[in-house]
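Q: 3D model of this:
(2 chains)
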Amino acid sequence: MRRLLGLVAATVAAIILVASGQVSAAPVPAKLLKSTADHSKFKALDQEFASGPEVTKACLSCHTEAAKQIHQTQHWKWEFINPDTKQVLGKKHIVNNFCTSVKSNEAACNSCHIGYGWRDDKFDFTVEENVDCLVCHDATGKYKKPSGFAGLPVTKDTEFPPGSGKIVRGINLKEIAMKVGPSRRTTCGGCHFNGGGGDGVKHGDLDTSLEAPNKDLDVHMDTEGLNFTCATCHKTGGHQVPGSRYAPTAMDKNPAHIRGVADKSNPTTCQACHGQAPHKVAKLNDHTGKLACQTCHIPAFARGGQPTKMFWDWSTAGKLGPDGKPMVVKDDDGYDTYMTIKGDFKWAENVKPEYIWFNGTVNYTLFGDKIEKGDKPTAINNFEGSATDGKSMIWPIKLFRGKQQYDPVNKTLVITHLAGNDDTAFWKNLNWEKAVATGMSSENAKFSGKVDFIETYSMWPITHMVAPKEKAVGCVECHSSGGRLEKIDGIYIPGRGSDHAAWLEVGGWAVAALALLAVLGHGLGRFFAYKRNR
Amino acid sequence: MSRVYIFKRFERFWHWSQAALILLMLITGFEVHGSYAALGWQKAANLHTLAAWALITLWAFAIFWHFTTGEWKQYIPTSEKIVAVMRYYAFGIFDPNAHHPFRTTQLTKHNPLQRLAYLFVKLFINPLIWISGLLYLYYHDLGAYGIGNQGGVQLGAIALAHTLAAFLMLIFLIVHVYFATTGHTPLAHIKAMITGWEDLEQEAR
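A: As a prediction, this is how the structure comes out:
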């Protein structure tokens, strides 16, 4: 009996061992990298780096053409000349209605430049070592370019601002350099999720919730599903990243891209993969003649739990707290609604977009253009389009409204020196006249000495946070009166009351009602005649 | 009491299935139009399209049947007794001693007013609904044939014609349903449409 029990126990133990994989026939092969190069084995990277440019030098020792490629890009130049409007755009030039301008604030803003040391006009755009490889290729999540250092990483613990007692911790560039890889959602997102100075502030359809989104938030980037990175759509060639919003593709009538076919069309559009007839139901495909895919497939932006800024009023900036110091007022969720240095904000989550006709042309009000304070806010940028130009589609946008400083005498937008550890920076001294004077002199521009505030708006295309098809906008949300497309002119939308001919609506129902009354009256007459004559 | 077989089996099938489809299309159509919310827009639109194809198929068979059986002649307008029929519906119907001036037979199953009304439905309302409906459904593809947007035919104009036809159909339906009750008993005509047999009113008691 005991022997039998022993045999049973031994058999059971053997089965468990086999099942748990402890007894296996063949050794597990070492997991191979997909890449042909393991950067941790490179001698050139196995050294202590004192600065960013030193790392770049090491990168370029193998990737000989990389910096030359980067030098050609919008990411490097922060300049874009619109081929149609000839407007000179890009962060280097435009004035927006968030922090208004990069100019005279380079040391702070340019922590998001893919270069090292763009502090002022003297930055040399031709130096190869000034290219920052790590900001896009860091795979550790440890790479940081703190604001105030003109895009340079900090390698030794540094007190910043000097005399403030606050310490910026140094990072180990060697560790980061030895683990570089392709760009990922977090590298692109480091800047693009934080545009406008913080998480989700600017775009509405881009925030840190996209670092690891679920299917509901983004059907393509879903970490459990397709798991796209930004570059899956924004597919680069020679470091050129397609899909800039300065000259977007509003209408794409090209077929889906196919391997082996030289496609010149924008690879970031929905159609570049999905083609022209993506729906199984023919009636839905009919909609692609007038509607951008995004209009139905992105029911709302800021859906990932992170609100986006919808309104920014600079005119209220400067009020000090009860202690006589700059203050911050927060809402119940912990988001700033007032800052002494920035004014009032409004945040919103799950925002239904506004809808407009858009043909891909964006017109900017540039620094120097004449603007007039009136009933209507000034357009920082305006998306052009109409029902009839043959180039427009109905697009969802985020409309960002604000009130910002301008020169009421010369009637222009102004450049404001906000950030800096000096006597004129607004964030330090809260004096508009001084701050604008410094900002304007950095551009050698005329300034009257007076500062007033003007209402503005800017438009942002909504194109990320694509929902799964079950969560797309339902028919009735547009096919109704007062629906999402109520303000869209130039087309007939079945179900929208404002498209109806009043004479037919009134006349039709009136005649039908009269007919009903007449037959009821006639019937009643017959009934009484029948009763009387019985 | 004498009776006459006036509605054959196909005719009755055609009539009632057409009635059901038209009712469904009116209910769903006016929802698509935005007059009210009932089934939900998407469901209404889908049902409307489905019913449209069913009705078009039915009409194809009905037209074939009308011509092969010669029944189309039932709709040839006539002025004979038309004033008398109108006078009957206006006055005589309230008088227990008055009789309908028209006698139903297999060769003339419709009175002169019916003939006119049905002819108007068949030659005006139905084609208007049918053509405007198909243009509505295939509006997106019209451009390829040079009509559509570039050809100057706007969806709004197509929808207007379709809506007008829908109102006409609604008005016809109201009056038609009421007239169905004006036989010598309120259910006489309706029974005939179900069984095919019409009881003839007895002459002078």
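Q: per-residue confidence for residue 29?
A: You didn't pick a chain, so chain A it is. Predicted confidence (pLDDT) at residue A:29: the value is 61.
Q: if you could check chain B rather than the one you did, that'd help
A: pLDDT recorded at residue B:29 is 98.
Q: That one: neighbour count?
A: Residue B:29 is flanked by 25 other residues according to other Cβ atoms under 10 Å in any protein chain shown. All C-beta spots, glycine's among them, are computed from the backbone N, C-alpha and C.
Q: which residues does it contact?
A: Applying Cβ atoms under 8 Å, 6 or more residues apart in numbering or on different chains, we find residue B:29 in contact with B:44, B:48, B:166.
Q: Could you check which helix or strand contains it?
A: Taking DSSP states H and E as the definition, one finds residue B:29 inside helix B:9-33.
Q: Indicate whether the next helix or strand after that helix makes contact with chain A.
A: For helix B:9-33, the following helix or strand on the C-terminal side (DSSP H and E) is helix B:41-69. Yes - Helix B:41-69 is in contact with chain A by Cβ under 8 Å from any Cβ of the partner chain, via B:41, B:42, B:45, B:49.
Q: Just to check, the first one is in contact with residue A:476?
A: Same thing as residue B:41. Yes - contact criterion Cβ atoms under 8 Å: residue B:41 and residue A:476 qualify, at 3.7 Å.
Q: Can I get the contacts of residue B:29 in JSON lines including neighbour count?
A: JSON lines is the format used below for those (neighbours: other Cβ atoms under 10 Å in any protein chain shown):
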{"residue": "B:44", "neighbour count": "25"}
{"residue": "B:48", "neighbour count": "22"}
{"residue": "B:166", "neighbour count": "25"}
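Q: and residue A:311, that one's in a strand?
A: Yes - the assignment for residue A:311 is a strand, going by DSSP: H, G, I helix; E, B strand; the rest coil.
Q: who does it bridge with?
A: residue A:346, residue A:401 (DSSP bridges).
Q: To what extent is it buried, counted in neighbours?
A: Neighbour number of residue A:311 under other Cβ under 10 Å is 16.
Q: Assign the residue most central in space within chain B to helix, strand or coil.
A: Nearest residue to the geometric centre of chain B (Cα atoms, centre = their mean): residue B:121, 5.7 Å. Three-state call for residue B:121 (three-state DSSP): helix.
Q: Wait, it touches residue B:172, no?
A: Yes - with contacts counted by Cβ under 8 Å, residue B:121 reaches residue B:172, the gap being 5.9 Å.
Q: What pLDDT does the model give residue A:163?
A: 88.
Q: got it, and residue B:184?
A: pLDDT at residue B:184 comes out at 83.
Q: Just say helix, strand or coil for it.
A: Going by three-state DSSP: residue B:184 is coil.
Q: Compute the distance between it and residue B:198, please.
A: 10 Å (Cβ to Cβ, to the nearest Å).
Q: Measure how buried the closest residue to chain B within the stretch 51-200 of chain A is and give me the count.
A: Residue nearest to chain B within the stretch 51-200 of chain A: residue A:84 (24.0 Å; Cβ to the nearest Cβ). By the criterion of other Cβ under 10 Å, residue A:84 has 11 neighbours.
Q: Grab the nearest non-local neighbour of it.
A: Nearest residue to residue A:84 in three dimensions, chain neighbours excluded: residue A:361, at 5.9 Å (Cβ to Cβ, 6 or more residues apart in numbering or on different chains).
Q: Let me see the contact set for the one you found.
A: A:84, A:85, A:383, A:384, A:385.
Q: Okay, it and residue A:101: tell me how far apart.
A: With Cβ to Cβ as the criterion, residue A:361 and residue A:101 are 23 Å apart.
Q: Residue numbers of chain A in contact with chain B?
A: A:283, A:285-286, A:289, A:474-476, A:479-481, A:491-492, A:494-497, A:499-501, A:504, A:507-509, A:511-512, A:515-516, A:519, A:522-523, A:525-526, A:529-530, A:533.
Q: Flag the shaky bits of chain B, pLDDT-wise.
A: Residue ranges of chain B with pLDDT under 70: B:1, B:144-153, B:201-205.
Q: same thing but at 50, please
A: B:204-205 (pLDDT under 50).
Q: What parts of it come near chain A?
A: Close to chain A, as judged by Cβ under 8 Å from any Cβ, chain B has residues B:32-34, B:37, B:40-42, B:45, B:49, B:89, B:93-96, B:139-141, B:154-156, B:159-160, B:163-164, B:166-167, B:170-171, B:174-175, B:178, B:181-182.
Q: Emit the PyMOL select command for whichever of those residues are buried.
A: To isolate the buried ones among the residues of chain B next to chain A in PyMOL, judged by 16 or more other Cβ atoms under 10 Å in any protein chain shown, type:
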select buried, chain B and resi 32+33+34+41+45+49+93+94+139+140+155+159+160+163+164+166+167+170+171+174+175+178+181+182
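Q: And the helices in the stretch 351-500 of chain A?
A: Along the stretch 351-500 of chain A, counting by DSSP state H, counting those that start in this stretch, helices occupy A:426-429, A:432-441.
Q: tell me which strands and helices the shortest one is in contact with?
A: Same thing as helix A:426-429. helix A:432-441 (3 or more Cβ pairs under 8 Å, 6 or more residues apart in numbering or on different chains; DSSP states H and E).
Q: export the helix it packs on as CSV, just CAs?
A: Extracted in CSV, the C-alpha atoms of helix A:432-441 (Å, rounded to 0.1, in the frame of the first residue of the first chain):
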residue,chain,number,x,y,z
TRP,A,432,3.1,94.1,-19.6
GLU,A,433,4.7,97.2,-21.1
LYS,A,434,8.2,96.2,-20.1
ALA,A,435,7.6,92.6,-21.2
VAL,A,436,6.2,93.5,-24.6
ALA,A,437,8.9,96.2,-25.2
THR,A,438,11.6,93.5,-24.7
GLY,A,439,9.7,91.0,-26.9
MET,A,440,9.2,93.5,-29.7
SER,A,441,12.8,94.7,-29.6
